[in-house]
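> Build me a structure from this.
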Amino acid sequence: MRLRRFTLTTLATAASLCAALTPVTAVAQERPTGSQNGTATVVNTKSRAQLDAYWTPERIRTAKPMPAPEVSAVQPSSDTAAEVTDKPVHVPATKPVASSGVQTRSSVWGTVGRLYFTIPGKGDYICSGNVVTSNNRSVVATARHCGFGEGGTNYRFAPNYNKGNAPYGWWGWRSAGWVTGGGQENDSAFLVLDTPGGRRVQDIVGSTGIGFNWSSNYAHIIGLPADQDFAVWCEGQGYAGPGGQRLMNNCNGLSGGASGGAWIENYQPDGSATQTGAYSGSYGSAAAASAYGNSTYDVWNGAQNS
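Numbers count the residues shown, from 1 in each chain. Presented below is the predicted three-dimensional model:
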């Protein structure tokens, strides 16, 4: 296991002068067959101005890392075998298609970022999220336990966040969807971000690809723990847990605040990758992630076309 900090490498100035790249469209493929959990959605009713006004410097400073769910919350279900028996689906990563004034490359290190939110009656919290490929170019993958199903609101996301610095700015949210029930997918969720000034997050930073019903392979987990406040990773061989979730041994350092980070496979030298799960916390001594299967596909497909 290696836990690393990553600093985004600046490309040559000439790169920003190149013509915009053609985006890869995340056309919904034929839905895999097999059992599924339930899904739920919610729509934001607050304006962008209300959201910006809410996140005062004091609230940002005092927001707490969202506690991970208890181990007992992940129970075996009929979806356990889905990762190895159902039809795999893969939607590839995309590169940025518009200049943001900050040079970037198509890399998961530019798409992963900080997520702020509120749970009414409990307080303000932080998690992690990652921009994944979608038709509306506005979808962020995160974990269900980051406020979803608890009345979570005031969601706000900054890709490539690093110790308070948000080089691409902050996005609010339009809607969210998540998987309900038990089994391998029970901690998966997706946010649909707003488009401030017509800016779509995927156009600005690119996106990580997304895969459903993949087998457990060598993987990286990337998130932003609160005690470091920048993106770090660990890596190792993934394997299936008793509920079909992804597990990885010897992954220390992804503490509170990293929840909702990306479990990725097929990491490439250019930083592109495929997200196949959402980091949930720990399962005993192992790091755990909800594996993306049929139900997660349904939630993502609804989010990308909303």
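
> low pLDDT regions in the protein?
Scanning the chain for pLDDT under 70 picks out 1-37, 70-85, 98-106, 182-183.

> for it, what's the longest helix?
helix 294-304 (DSSP state H).

> just the CA coordinates of that one, formatted as CSV?
Extracted in CSV, the C-alpha atoms of helix 294-304 (Å, rounded to 0.1, in the frame of the first residue of the first chain):
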residue,chain,number,x,y,z
ASN,A,294,-27.4,-2.5,-11.8
SER,A,295,-29.1,-0.2,-9.2
THR,A,296,-26.2,2.3,-9.4
TYR,A,297,-26.5,2.2,-13.2
ASP,A,298,-30.2,3.2,-12.9
VAL,A,299,-29.4,6.1,-10.6
TRP,A,300,-26.5,7.3,-12.7
ASN,A,301,-28.5,7.0,-15.9
GLY,A,302,-31.4,9.1,-14.4
ALA,A,303,-28.9,11.7,-13.2
GLN,A,304,-27.1,12.0,-16.5
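
> for it, packing partners?
In terms of contacts (3 or more CB pairs under 8 Å, 6 or more residues apart in numbering; DSSP states H and E), helix 294-304 is packed against strand 38-43, strand 139-143, strand 173-180, strand 188-193, strand 209-212. In this view, the C-beta of every residue, glycine as well, is placed from N, C-alpha and C.

> neighbouring contacts of the shortest one?
Read it as strand 209-212. Contacts to strand 209-212, defined as CB atoms under 8 Å, 6 or more residues apart in numbering, come from residues 26, 32, 88-93, 132-133, 141, 265-266, 272-276, 292-294, 296-297, 300.

> Just put the helices and strands packed on helix 294-304 in JSON lines and tack on mean neighbour count.
Shown next, in JSON lines, are these (neighbours: other CB atoms under 10 Å):
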{"stretch": "strand 38-43", "mean neighbour count": "14"}
{"stretch": "strand 139-143", "mean neighbour count": "30"}
{"stretch": "strand 173-180", "mean neighbour count": "24"}
{"stretch": "strand 188-193", "mean neighbour count": "28"}
{"stretch": "strand 209-212", "mean neighbour count": "25"}
